[in-house]
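Novice: Return a 3D structure for these sequence lines:
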Amino acid sequence: MGQYGLRERKKHRTRLALIDAALDLFAEQGYEATTVDQIAAAVDVSPRTFFRYFATKEDVALSLPLDGQEVMLAELAARPPEEPPFTALGHAMRAVVTGLEEADPADTARFLKARELIENTPALFAGSMRRLMGNEQRLTEEIARREGVGDDDLLTHFVVALFVSVARASFEHCQVDDILAAGSISGRLEAVLALAEGALRPGWDRPSARPQFIEGSSGQVAT
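Specialist: Numbers count the residues shown, from 1 in each chain. Below is the predicted model:
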């Protein structure tokens, strides 16, 4: 177990070194001009080693937000099954924010550098949006599993889409100083979640609250 722990720590250090080298090179010479060979050389490893950690240079650039998405999915899957979907999503997002706010200075600096790179690089911003859409689908699948409904369930899609919009309102227009300030992101998240929950009646996101539809002259009408 001790050898396994050491091996895993070494892999973690190599992964962070590749991320740091990539972010520095992207900042110095541009994302498009930077190659995988250059990133690997900066860490004194082979390109083959790079590809053990990342499939593409886009993957290394987006690795930190992707890590956050994985944390949220894992936290959501671990929430109590009786918890309403919107509440479970909120607690999962809180875990992501807590991890960000409790990170050490090196992790925070790395996150901010990646955030600035993504926002200022059209190709990476588009890739980030594409990954977020894929993550939204995974959240939908997890909520559907928890509720015992199909992936095409309309209420499930609506719950996740609404939560994603609420979460986006928490993070949009955040300045760097806001991110660095202790508790600032969690404060924004709590404020937006409170607004959303105050506008929704209890149980709105459970199957029992699902509106019934009847056929009207212009299509289906909720009753």
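
Novice: So the residue positioned nearest the centre of the chain: helix, strand or coil?
Specialist: In the chain, the centroid-proximal residue (Cα atoms, centre = their mean) is residue 69; its distance is 3.0 Å. Recorded secondary structure, residue 69: helix (DSSP: H, G, I helix; E, B strand; the rest coil).

Novice: Settle this for me: it is touching residue 131, isn't it.
Specialist: Yes. With contact defined as Cβ atoms under 8 Å, residue 69 and residue 131 form a contacting pair (7.3 Å). For glycine as for every other residue, the C-beta is placed from the backbone atoms N, C-alpha and C.

Novice: List the buried residues in stretch 97-110.
Specialist: Neighbour-count burial for stretch 97-110, counted by 16 or more other Cβ atoms under 10 Å, picks out 97, 100, 101, 110.

Novice: which one of these sits closest to residue 150?
Specialist: The nearest member of the buried residues of stretch 97-110 to residue 150, counting by Cβ to Cβ, is residue 97 at 30.7 Å.

Novice: Relative to residue 167, how far out is that closest one?
Specialist: According to Cβ to Cβ, to the nearest Å, residue 97 stands 10 Å off from residue 167.

Novice: Name the residues contacting each of these two.
Specialist: residue 189 (Cβ atoms under 8 Å, 6 or more residues apart in numbering).

Novice: in this protein, which spans are helices?
Specialist: In the chain, the helices defined using DSSP state H lie at 2-29, 36-43, 47-53, 57-61, 63-78, 85-101, 105-120, 122-147, 154-171, 176-180, 184-198.

Novice: Helix 85-101 and the last one, what's the angle between them?
Specialist: For helix 184-198 against helix 85-101, the angle between stretch directions is 170 degrees (axes from the mean of the first three to the mean of the last three Cα atoms, to 10 degrees).

Novice: Counting by contacts, list what helix 184-198 packs against.
Specialist: Contacts defined by 3 or more Cβ pairs under 8 Å, 6 or more residues apart in numbering; DSSP states H and E place helix 184-198 against helix 85-101, helix 154-171, helix 176-180.

Novice: and what of the longest one?
Specialist: Helices and strands touching helix 2-29, by 3+ Cβ pairs under 8 Å, 6+ apart, are helix 36-43, helix 47-53, helix 57-61, helix 63-78, helix 105-120.

Novice: would you turn those into TSV with mean pLDDT and distance to residue 157?
Specialist: Listed next are the helices and strands packed on helix 2-29 as TSV, based on pLDDT from 0 to 100; distance: least, Cβ to Cβ, whole Å:
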stretch	mean pLDDT	distance to residue 157
helix 36-43	97	37
helix 47-53	97	34
helix 57-61	97	27
helix 63-78	95	16
helix 105-120	89	26
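
Novice: out of these, deepest packed?
Specialist: Comparing those on average neighbours per residue, with mean count of other Cβ atoms under 10 Å, the densest one is helix 57-61 at a mean of 21.
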